[in-house]
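Participant: give me a model of this one.
(2 chains)
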2 protein chains.
Amino acid sequence: MSKFAPISGFPEWLPEQRLLEQQCMDTIRKQYELYGFANIETRSVEPTHVLTGNGDDKEIYVLARLHEEADAAKAPPEFGLRFDLTVPTARYVQQFKGQLSFPFKRYQMQKVWRGERPQEGRYREFTQCDIDVIGDGTLPSHYDAEVVRLLAVVVGQLPIPPVTIRVNNRKLLQGFYEGLGIADTNAVLRVVDKLDKIGAPKVAALLQTELNLSADQAAQCLAMAAIKTANTGFVEQVRALGITTPLLEEGLTELTEVLDNAADLNAARLAEGKPPAVSADLAIARGLAYYTGMVCEGQMQGFESSGSVCGGGRYDNLANDAKVKLPGVGVSIGLTRILGLLFAKGVLKPTRKTPTEVLVALNDDASRPQANALANRLRGRGIATDLYHAPKAYGKQIEAASKRGIPYVWFIGEADSHHVKNLLTGEQVAADPATWSPA
Amino acid sequence: MSKFAPISGFPEWLPEQRLLEQQCMDTIRKQYELYGFANIETRSVEPTHVLTGNGDDKEIYVLARLHEEADAAKAPPEFGLRFDLTVPTARYVQQFKGQLSFPFKRYQMQKVWRGERPQEGRYREFTQCDIDVIGDGTLPSHYDAEVVRLLAVVVGQLPIPPVTIRVNNRKLLQGFYEGLGIADTNAVLRVVDKLDKIGAPKVAALLQTELNLSADQAAQCLAMAAIKTANTGFVEQVRALGITTPLLEEGLTELTEVLDNAADLNAARLAEGKPPAVSADLAIARGLAYYTGMVCEGQMQGFESSGSVCGGGRYDNLANDAKVKLPGVGVSIGLTRILGLLFAKGVLKPTRKTPTEVLVALNDDASRPQANALANRLRGRGIATDLYHAPKAYGKQIEAASKRGIPYVWFIGEADSHHVKNLLTGEQVAADPATWSPA
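Facilitator: Next up, the predicted model:
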């Protein structure tokens, strides 16, 4: 393999793409903090048994030391790279329980790794931007509503196509399946989760052939999964199916709370002629084994076939052990996937290669200290400034600034006179280093 | 091993410590950008031969897939985790050369991994905050001076004890050793680099016994290494040793440029009665094999025995291949090491567990929607706001805010009246949600 080849599944951005990613992460961070979330980072590695302990089958990368290769091959792999941010956070919360304040609201924006076969929109290394709330003993359901709302607010502020967060509740599905007289409700969940991929007829067939449901039971499951409303209208439609159980009622109440808490966001989107920010979609089940209540995933307009770009749910048992119960709820934004899709399709076009605002033109090598001092002066005033590296013709220096997307070029003239050229307007004006600021 | 035990060498911070780390990283990022550096991130893994190709012997972690353990053990390890940010950047610059603008000024703040035996201030996973400038063909020496100055500015703005950046130049040392008639100048560099650890008498002995230097040659090497000045006074002291070669002259000129460019910073520090920001120290050699000119490392006042907290140098050949010459210069801040030392000694004391500014007190469950709406309103105005999760006594809610370091508690009264209590002053005043702001 060439020394300089890309590695499949490990994306790298150019500086101008990274600048957009940084702007997205700044926006996400700001909103997460506005809603009272504090940041943590967890170590990249976890004991392998922590990663494999929740019944999920993610492909995990384990570590070995290069100079101990022979030994490492014999010993069982001790540490693996995290495949998400939720499992490490559940471990972190248990480990530092005595030093945290509960409900513990944290956000985390870090890379995760999965040893999967790469394909479009699927990576082996990618950044996730998560929020989770973890309670000590109990966690009120209004946090489900809060994290979904915040997710909708955040993705709504990113420079990306509109995202609709489709929400469901596993209690609602499981209560309904129980009401239908189905014993293995998890098996039904897993089959219904394939709706998007294989379609209703095949799901109906699988439910009957593999899980021995009656044609009527299968039809009811599909009728339930077909319910999709951008408000609390789903309640009436569920009731019309004629099934009621305590678990189903609990699910209905919790899902109603989520939709109510996003009503103002949906109204604003409707007024703009855009798809809803949050909608109830009773086909959503989510693959991960640890979810116990609310589940959600977001689709990006124009990229529906590329799968979800954000998602999450409620997990009442992930962080528990014999002594403590630490229920949680959280959502995750798949930022690398979003940007990868938008860069590939040219939907998101970077314009600047650098955050630099001013390029100081260099007259000649002898005046470098003077140009340097001016640059330091502007920096001291909070203006990102660079100095051209060689005393080339002004036209060349302006061209270099333009190529990098730097909006201003600064010229130092005779007798400490100064001029600034705005490359967007072409206008050139006299400027005072003590007072001039970018527009 | 317990599920919740720390993993030696993989530090994790509490939220209040992470908040300080974030503030440090924000400061570093801001200054790096002010000086015209653009951000990149590189993938965590590199082909193993890229990591081992520079003659360094860092302990490298290689990856294997958990479910392919048997195969992986047979195949040579293909990918390893990066042990620094310079080697991946050199590879990145070659790979994307046609899409970058040169001189390429980039900053990078990411984790690196080393499979070393952990000890105080040494980690297996840690964050580095780097700047590098890479030229296409040539790179003027004034960039050496720029990166050292910027490093001094940045560490000077962090909430840490004063750091002195000790600078040297390998050309100066090698030119001097050549002038002494020494053939294997690299071997001498490596021995002199041990001065801090083993002291002058042992270095003198090693130079004579292991490298066959005469007593006079060894004494001259030590006399050179003893030169330390906080200005360009080192030039005269080097000349007084009576050796001159073209390479030595080049080193003197380059080192003078670095010190001249930091003169104003040193003057300001002197005026404050603090140690210099930048000083010439002719004992500095730096371990990494790829440095070719300027080398520097920073010591933190009160933590001199803990080793360097930042450092870097000039590397003219790291990114080259047969066709292209891409000389570079860069420096790195070892942020995890700095914070680890200061947290352990209690020098840096976190005060807030969350960036939240306002905690809205909850009167009763029925008024939660009203409290929630108020919180959303404050958030919309850019004020980080959280809502207490349960309608406990006000005293309890105030105590919870105080424990987290949240400075304000907001009370919603009858007839849409509002009051805010400042927990720092104890003062409570009427407040209008449309106009109130934190002090």
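
Participant: please count neighbours and contacts with C-alpha atoms only from this point.
Facilitator: Will do.

Participant: and the residue in the stretch 101-250 of chain A that chain B sits nearest to, how many residues sit next to it?
Facilitator: When you check the stretch 101-250 of chain A against chain B by Cα to the nearest Cα, the closest residue turns out to be A:G115, at 6.2 Å. Each residue near A:G115 was counted by other Cα atoms under 10 Å in any protein chain shown, and the total is 21.

Participant: hmm, A:I60 and it touching each other?
Facilitator: Yes: using Cα atoms under 8 Å, A:G115 is in contact with A:I60, at 5.6 Å.

Participant: overlap of the contact sets of the two?
Facilitator: Jointly contacting A:G115 and A:I60 under the rule Cα atoms under 8 Å, 6 or more residues apart in numbering or on different chains are B:R65.

Participant: ok, back up a step: apart from its neighbours in sequence, what residue is nearest the residue of the stretch 101-250 of chain A closest to chain B?
Facilitator: Using Cα to Cα, 6 or more residues apart in numbering or on different chains and skipping residues adjacent in sequence, the residue nearest A:G115 is A:E59, 4.8 Å away.

Participant: residues near A:Q174, how many?
Facilitator: Residues lying near A:Q174 (other Cα under 10 Å) number 24.

Participant: OK, contacts around A:L51?
Facilitator: The contact partners of A:L51, by Cα under 8 Å, 6+ apart, come to A:60, A:80, A:82-83, A:87.

Participant: and these as CSV, adding neighbour count?
Facilitator: Conversion of these to CSV gives the following (neighbours: other Cα atoms under 10 Å in any protein chain shown):
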residue, neighbour count
A:I60, 25
A:G80, 25
A:R82, 26
A:F83, 24
A:V87, 19
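
Participant: between these, which is closest to chain B?
Facilitator: Within the contacts of A:L51, distances to chain B taken as Cα to the nearest Cα reach their minimum at A:I60, with 5.4 Å.

Participant: could you verify my assumption that the closest one touches A:R117?
Facilitator: No: between A:I60 and A:R117 no contact is recorded; they are 12.0 Å apart, counting by Cα under 8 Å.

Participant: mind giving me the domain ranges of chain A?
Facilitator: Using automatic domain parsing, the domains assigned to chain A come out as A:15-41+A:85-197+A:223-344, A:358-430.

Participant: and the first one, what's its mean pLDDT?
Facilitator: Same thing as domain A:15-41+A:85-197+A:223-344. Per-residue pLDDT over domain A:15-41+A:85-197+A:223-344 has a mean of 94.

Participant: got it, and stretch A:204-218?
Facilitator: Averaged over stretch A:204-218, pLDDT sits at 96.

Participant: in the stretch 151-300 of chain A, which spans are strands?
Facilitator: If DSSP state E, counting those that start in this stretch is used as the criterion, the strands of the stretch 151-300 of chain A fall at A:163-169, A:228-229, A:278-281, A:294-300.

Participant: could I get the ones you listed as a markdown table with distance to A:R381?
Facilitator: Putting these into a markdown table (distance: least, Cα to Cα, whole Å) gives the following:
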| stretch | distance to A:R381 |
| --- | --- |
| strand A:163-169 | 39 |
| strand A:228-229 | 52 |
| strand A:278-281 | 43 |
| strand A:294-300 | 41 |
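
Participant: how much space is there between A:V62 and chain B?
Facilitator: A:V62 is 5 Å from chain B, where distance means Cα to the nearest Cα, to the nearest Å.

Participant: for that residue, phi and psi?
Facilitator: Note on A:V62: backbone dihedrals following degrees, to the nearest 10 are phi -110, psi 160.

Participant: could you do A:L387 as well?
Facilitator: Here A:L387 shows phi and psi, under degrees, to the nearest 10, equal to phi -120, psi 130.

Participant: and it, how many residues sit next to it?
Facilitator: For A:L387, the count of nearby residues is 21 (other Cα under 10 Å).

Participant: with adjacent residues omitted, what lies nearest to the residue of the stretch 201-350 of chain A found nearest chain B?
Facilitator: Closest approach of the stretch 201-350 of chain A to chain B (Cα to the nearest Cα) occurs at A:N261, with a separation of 8.6 Å. In space, A:N261 comes closest to A:A145 once its chain neighbours are excluded; the distance is 6.1 Å by Cα to Cα, 6+ apart.

Participant: that neighbour reaches A:E257, doesn't it?
Facilitator: Yes: contact status for A:A145 versus A:E257: in contact at 6.2 Å, counting by Cα under 8 Å.

Participant: just the helices from the stretch 201-350 of chain A, written as ranges.
Facilitator: In chain order, the stretch 201-350 of chain A shows helices spanning A:215-225, A:234-239, A:246-261, A:263-271, A:335-344, with DSSP state H, counting those that start in this stretch as the criterion.

Participant: could those go into JSON lines alongside mean neighbour count and distance to B:L211?
Facilitator: Written out in JSON lines, the entries for these read as follows (neighbours: other Cα atoms under 10 Å in any protein chain shown; distance: least, Cα to Cα, whole Å):
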{"stretch": "helix A:215-225", "mean neighbour count": "19", "distance to B:L211": "79"}
{"stretch": "helix A:234-239", "mean neighbour count": "16", "distance to B:L211": "84"}
{"stretch": "helix A:246-261", "mean neighbour count": "20", "distance to B:L211": "75"}
{"stretch": "helix A:263-271", "mean neighbour count": "16", "distance to B:L211": "75"}
{"stretch": "helix A:335-344", "mean neighbour count": "19", "distance to B:L211": "53"}
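
Participant: quick check: which of those is nearest to B:A219?
Facilitator: Distances from B:A219 to each of these were compared using Cα to Cα; the minimum, 57.5 Å, belongs to helix A:335-344.

Participant: if you average pLDDT over the helix or strand just after that closest one, what comes out?
Facilitator: From helix A:335-344 onward toward the C-terminus, using DSSP states H and E, the following helix or strand is strand A:358-360. Strand A:358-360 shows a mean pLDDT of 98.

Participant: A:G156 and A:L150 touch, don't they?
Facilitator: No: counting by Cα under 8 Å, A:G156 sits too far from A:L150 to count as a contact (9.6 Å).

Participant: neighbour count: those two, which is higher?
Facilitator: Set side by side, A:G156 and A:L150 show unequal neighbour counts under other Cα under 10 Å, the larger going to A:L150 at 20 against 17.

Participant: how close does that one get to A:D130?
Facilitator: According to Cα to Cα, to the nearest Å, A:L150 and A:D130 sit 11 Å apart.

Participant: of all the residues in the stretch 301-439 of chain A, which one is nearest chain B?
Facilitator: Sorted by distance to chain B under Cα to the nearest Cα, the residues of the stretch 301-439 of chain A start with A:A384, at 3.7 Å.

Participant: ok, back up a step: tell me which element the residue nearest to A:N261 is part of?
Facilitator: Here A:A145 sits within helix A:142-157, counting by DSSP H and E.

Participant: who in the stretch 301-439 of chain A is up against chain B?
Facilitator: A:353-356, A:379, A:382-386, A:389, A:404 (Cα under 8 Å from any Cα of the partner chain).

Participant: how does it look with 10 Å?
Facilitator: The stretch 301-439 of chain A has residues A:352-359, A:368-369, A:372-373, A:375-376, A:378-390, A:400-401, A:403-404, A:406 near chain B, with proximity defined as Cα under 10 Å from any Cα of the partner chain.

Participant: no further questions, thank you.
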